[in-house]
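Trainee: With the sequence up front, the predicted model follows.
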Amino acid sequence: MGLSHSTQNKLFTLGYTAKGVVYSLIGIFALIGVIGSAGSGGSWGPKEVINWIGSNAFGNILLFLIGLGLLAYCSWRWITALQDKENEGSDKEGIAKRLGYAVSGTAYGVLSVYAFKLALGSGGGSGQSKQDIIAQILSKSWGPWVIGLIAVIMAGVAIFQLYRALKDKHMEGIKGLQLNEKQRKTFERTGEVGLTARFVVYGIISYSLLRTALMDDPSQFKGINESLDYIGNQSYGQILLAIVGLGLLAYGLFMFIRARYERV
């Protein structure tokens, strides 16, 4: 028996709100890092944001809330993949996109487990790092091919972000909704800026994965936080990092707007 329409909407709203919190904080901390008062020793990715949430007053309660939200997002992405909520179809391209939704959902599901473990005092940060996992994969004869394939998939995800921004595909979810011009423009601009920022970050991640595969070296891998550090270390890096940070903050706001207005 499938979930009711009301339940699906609740999963969508909770999930996108939680994702908005994570990306807004990533963008904010990137901007604080540019100003020079972050004191964090570098940029922050999703896990660092979860750790920060847990370190605040009522941290355990907040961790449970963000964990529930991320689990809702994970569930919604799997529903999207299995029930083809985006009408991608069952051809090769459609199956690839639906697999992408499932992979995205799984990644946020892992992050939700991390938040729950941290809230329960189970040492959420004690697990293997992504570089450790990549090192294990590379130790196999087929490892570099798998990492190379992941690099290609990530490149496709990056390009898809830019495609959605340039072609206004992100606007399709609010078709038919009674929004005023200001609301519609805010939706459009935050989506365009946020998706473009994600294109930049995912592009760096895919390039790092390709180098990892070609060099058989897990230290070449860059996650979101390392990608932001990489941007900051370039010529005019602080300016670029501020731009990307603003973009990621815009993406977080875009998630909040989607949670507020979109219905499934």
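Mentor: Thanks, I have it. Numbers count the residues shown, from 1 in each chain.

Trainee: just checking, residue 184 touches residue 174?
Mentor: Yes: using Cβ atoms under 8 Å, residue 184 is in contact with residue 174, at 7.3 Å. All C-beta atoms are positioned from the backbone trio N, CA, C, and that covers glycine.

Trainee: In terms of neighbours, single out the busier of these two.
Mentor: A direct count of neighbours by other Cβ atoms under 10 Å for residue 184 and residue 174 places residue 174 higher, at 19 against 14.

Trainee: Spatially nearest residue to residue 30 (excluding sequence neighbours)?
Mentor: Spatially, and ignoring its direct neighbours in sequence, residue 30 is nearest to residue 245 (3.1 Å; Cβ to Cβ, 6 or more residues apart in numbering).

Trainee: which helices and strands does whatever helix or strand the one you found lives in pack with?
Mentor: Secondary structure from DSSP states H and E places residue 245 in helix 237-261. Other helices and strands packing on helix 237-261, by 3 or more Cβ pairs under 8 Å, 6 or more residues apart in numbering; DSSP states H and E, are helix 5-35, helix 181-215, helix 224-232.

Trainee: So which of the ones you listed has the densest surroundings on average?
Mentor: For those, the largest average neighbour count (mean count of other Cβ atoms under 10 Å) is found in helix 224-232, namely a mean of 22.

Trainee: how close does residue 259 sit to residue 252?
Mentor: 11 Å (Cβ to Cβ, to the nearest Å).

Trainee: Name the helix or strand of the chain that has the lowest mean pLDDT.
Mentor: helix 130-138 (a mean of 86; mean pLDDT, DSSP states H and E).

Trainee: same for that one, what does it pack against?
Mentor: Helices and strands touching helix 130-138, by 3+ Cβ pairs under 8 Å, 6+ apart, are helix 143-166.

Trainee: Provide the angle between the direction of the helix it packs on and the direction of helix 181-215.
Mentor: Interaxial angle, helix 143-166 versus helix 181-215 (axes from the mean of the first three to the mean of the last three Cα atoms, to 10 degrees): 160 degrees.

Trainee: and the helix holding residue 245 with helix 181-215, angle?
Mentor: 120 degrees.

Trainee: mind checking how far helix 237-261 is from the chain centre?
Mentor: Helix 237-261 sits 12 Å away from the centroid of its parent chain (Cα atoms, centre = their mean, to the nearest Å).

Trainee: got the buried residues for that helix?
Mentor: Within helix 237-261, the residues scored as buried using 16 or more other Cβ atoms under 10 Å are 240-259.

Trainee: what do you get for stretch 158-167?
Mentor: Applying 16+ other Cβ under 10 Å to stretch 158-167 flags 158, 160, 161, 162, 164, 165 as buried.

Trainee: Could you list the low-pLDDT ranges of the protein?
Mentor: Across the chain, the ranges flagged by pLDDT under 70 are 1, 37-42, 122-128.

Trainee: just to revisit the earlier point, quick one, which of the helices and strands packed on helix 237-261 is nearest to residue 87?
Mentor: helix 5-35 (15.3 Å; Cβ to Cβ).

Trainee: Hey, what's the angle from that closest one to helix 181-215? Just curious.
Mentor: 70 degrees.

Trainee: Helix 5-35 to helix 224-232, inter-axis angle?
Mentor: 40 degrees.
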